[in-house]
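Novice: No sequence on hand, only this structure:
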């Protein structure tokens, strides 16, 4: 059975980045959601999330800030696909 990339994890986020649409500074990702946040467990809801590597922020479907993670911040050395092209 193939891995379910909609389960939120660092590994799944990185895999999604390789094919995610990149628009004006952010990547569009899809994860299961619980209470508006990405879920590590399967739920009945899949939502869009937006990763902004210029600041290492993950935002929800309404662009509300969910989290900051230094490892996704290009100013801290994060090498994302769009930066490589």
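Specialist: Everything's here; your move. The structure presented is a predicted model; accordingly, all values stated were derived computationally and were not measured.
Novice: For the longest helix along the chain, the averaged confidence score.
Specialist: Within the chain, and with DSSP state H defining each element, the longest helix by residue count is helix 10-17. Mean pLDDT, taken over the full extent of helix 10-17, equals 96.
Novice: Pull the contacting residues for residue 27.
Specialist: By C-beta atoms under 8 Å, 6 or more residues apart in numbering, the residues touching residue 27 are 16, 17, 20, 21, 50, 51, 53, 80, 82. (Each C-beta comes from the backbone N, C-alpha and C, glycine too.)
Novice: repeat for residue 25
Specialist: With contacts defined as C-beta under 8 Å, 6+ apart, residue 25 is in contact with 52, 53, 54.
Novice: burial measure for the second one, as a count.
Specialist: Going back to what we said before, that points to residue 53. 22 (other C-beta atoms under 10 Å).
Novice: rewinding a little: and which of the contacts of residue 25 is nearest residue 63?
Specialist: For residue 63, the nearest member of the contacts of residue 25 is residue 52. The distance, counting by C-beta to C-beta, is 9.5 Å.
Novice: all strands of this structure, in order?
Specialist: 22-23, 26-34, 37-38, 46-52, 57-59, 65-68 (DSSP state E).
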